[in-house]
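J.: fold the following and give me the result.
(one chain, ligands or ions: 1)
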Amino acid sequence: MDRFTYADGKLACESLPLSKVAEQIGTPCYVYSRATIEEHYRRLVEAFRPLDPLVCYSIKSCGNLSICRLLGELGAGMDVVSGGELFRALAAGVPASKCVFAGVGKTDAEIEQAIKADIGLLNIESEAEFENLGRIAQKLDKTVRGALRVNPDVDPKTHLYTTTGKRETKFGVDIERARNFFVEYGQDPQCRLTGLHLHIGSPVYTTQPYVDAVKKTLALIDDLALLGHKVSVLDLGGGFGADYESEQSLLAADYAEAIVPLLQDRVAKGLKIILEPGRTIVANAGVLLTRVLYVKKSGDKTFAICDAGMNTLLRPSHYNAFHFIWPCEPEPPFVPTKRAKSMDMPGLVPIDVVGPICESGDFLAVDRPLPPLKRGDLLCVFTAGAYGMSMASRYNSQPLPAEVLVAGEKMDVIRRRETYEDLVAHER
Ligand SMILES: *Cc1c(COP(=O)(O)O)cnc(C)c1O
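T.: Okay, here's the model as predicted:
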């Protein structure tokens, strides 16, 4: 569900027509719906209430301070994967005790920063990292709570680049090795191994990979208990899906229905659960607005050349991801009633929606059935709230776009559009 709907043929975010946003702020521009973010967060909390989890929003999906602050105020903790993200979490007013720090390549400086801030949980990915962590904790004379990232060898059936829970990934250690890990390090007084961490991939559109992963992990927890190691925190990671097409994804309640029964009695006995959702909260809560600069025919192909490209939204060219794209104010017969890869309306024409970047891989959509487009049309790229702005770059010296947060009929610019001065501000 989201709050981007056509009313009288015009696309609005909540009660604000998106053409108004584009007129005032310019394009390209990311627009987020406050009510959608709030509702997605609340639904998740509601669905998993029997487990009373700490919901740590994954900052890397969309790190704008205003959005982190909004989620922090709703009660969320933060899942951070770098020192920069920890800085964002703290700047947004979220206490470090509600932050978890994951990532395969934490630098010494980042580990020090996290320990000094008294981070809630540090997720550990290798023996070498644990030893380094112990050394730094000792130097600072502090204790840390660590969770070992295990890789339960399940296949989430998602894109190769976002599959993280199979045996041969750079993330975590396999279950066998996890046992030895605890034997070796489980009694360390300075760096206390108190938890297990999973993150199997993203987006995961079925519940079975979670069920398999949780079952394997619970068996590991029981094995570890026999060896005298108590696991008191289980961090299930993220990866819940979002609707890139209409009703593509399960709801929070569906994931919960499969996962909650596996864990309820463990929670009753004191196991603390953490969730790290990113995409499922913000993906459908954000869109990208872009203006058609030129329509160009080359051979059999029609290109709509827009002011947003792979620099603005990387997912289509990086993951071959599908984003529904449609004009904000289409001619009346073309007002869409769903969002799908193949829209069956008479009069649609296949168009490549591309950006201004000097790369043939610079596209938002290829051979996409769309209403005929013309110069000046305003297009909406849907489900762009997650891994949109956070993966945007300044390639070709394109300043980063503005971000706008809409509530009702009001909008707030939560990141101003960059200027050319910003582009060179760090250079000499
Ligand atoms: C990326 C990531 C997440 C969030 O994934 P989503 O698909 O956005 O929910 C959670 N945990 C870790 C460790 C991650 O790397």
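J.: gap between T383 and I273?
T.: Computed as Cβ to Cβ, to the nearest Å, the T383 to I273 distance reads 27 Å. All C-beta atoms are positioned from the backbone trio N, CA, C, and that covers glycine.
J.: next, the distance between the ends of stretch 264-281.
T.: Start-to-end span of stretch 264-281 (Cα to Cα, to the nearest Å) is 24 Å.
J.: quick one: it to chain centroid distance?
T.: 18 Å (Cα atoms, centre = their mean, to the nearest Å).
J.: residues of stretch 70-81 that come out buried?
T.: L70, L71, G72, A76, G77, M78, D79, V80, V81 (16 or more other Cβ atoms under 10 Å).
J.: mind checking the end-to-end distance for that stretch?
T.: This stretch, stretch 70-81, spans 20 Å end to end (Cα to Cα).
J.: quick one: mean pLDDT over it.
T.: Averaging pLDDT along stretch 70-81 gives 98.
J.: same deal with stretch 42-59?
T.: 98.
J.: which residues of the stretch 201-350 of the chain lie near the ligand?
T.: Contact residues (Cβ under 6 Å from any ligand atom) of the stretch 201-350 of the chain with the ligand: S202, P203, G237, G238, G239, F240, E276, P277, G278, R279, T280.
J.: so which two of the residues you listed are the farthest from each other?
T.: P203 and E276 (13.3 Å; Cβ to Cβ).
J.: okay, those two: which has more neighbours?
T.: The residue with more neighbours, out of P203 and E276, is E276; 30 against 23, by other Cβ atoms under 10 Å.
J.: quick one, phi/psi of that one?
T.: Note on E276: backbone dihedrals following degrees, to the nearest 10 are phi -130, psi 60.
J.: I'd say I124 and A147 touch.
T.: Yes. Between I124 and A147 there is a contact at 6.8 Å, judged by Cβ atoms under 8 Å.
J.: what pairs with the lowest-mean-pLDDT helix or strand in the chain, parallel or antiparallel?
T.: Least confident helix or strand, the chain: strand 173-174 with a mean of 93, by mean pLDDT, DSSP states H and E. Paired strands of strand 173-174, with direction, are strand 144-151 (parallel) (DSSP bridges).
J.: restrict the partner strand to CA atoms and write it as PDB.
T.: Taking C-alpha atoms only, strand 144-151 is exported to PDB below (Å, rounded to 0.1, in the frame of the first residue of the first chain):
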ATOM      1  CA  VAL A 144      31.100  -4.900  23.700                       C
ATOM      2  CA  ARG A 145      28.100  -7.000  22.900                       C
ATOM      3  CA  GLY A 146      28.600  -9.000  19.700                       C
ATOM      4  CA  ALA A 147      26.400 -11.100  17.500                       C
ATOM      5  CA  LEU A 148      27.900 -13.600  15.100                       C
ATOM      6  CA  ARG A 149      26.500 -13.400  11.600                       C
ATOM      7  CA  VAL A 150      25.700 -16.900  10.400                       C
ATOM      8  CA  ASN A 151      24.900 -17.800   7.000                       C
END
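J.: more neighbours: T383 and I273, which one.
T.: Between T383 and I273, T383 has the larger neighbour count (other Cβ under 10 Å), namely 28 against 20.
J.: so the more buried one sits against D243, correct?
T.: Yes. In this structure, T383 is within contact of D243 by Cβ under 8 Å, at 6.6 Å.
J.: can you pick out the most distant pair from the buried residues of stretch 70-81?
T.: L70 and V81, at 20.1 Å, using Cβ to Cβ across those.
J.: is stretch 52-61 in proximity to the ligand?
T.: Yes. Stretch 52-61 lies within reach of the ligand by Cβ under 6 Å from any ligand atom, at S58, K60, S61.
J.: which residues of the stretch 101-250 of the chain fall in helices?
T.: Using DSSP state H, counting those that start in this stretch, the helices of the stretch 101-250 of the chain run over 108-117, 127-140, 175-185, 208-226.
J.: can you classify the residue lying closest to V214 once chain neighbours are set aside by secondary structure?
T.: Among residues not flanking V214 along the chain, L262 sits closest, at 5.0 Å (Cβ to Cβ, 6 or more residues apart in numbering). Under DSSP: H, G, I helix; E, B strand; the rest coil, L262 falls in the helix class.
J.: can you count the residues close to the residue of the stretch 301-428 of the chain found nearest the ligand?
T.: At 5.7 Å from the ligand, A386 is the closest residue in the stretch 301-428 of the chain, using Cβ to the nearest ligand atom. By the criterion of other Cβ under 10 Å, A386 has 26 neighbours.
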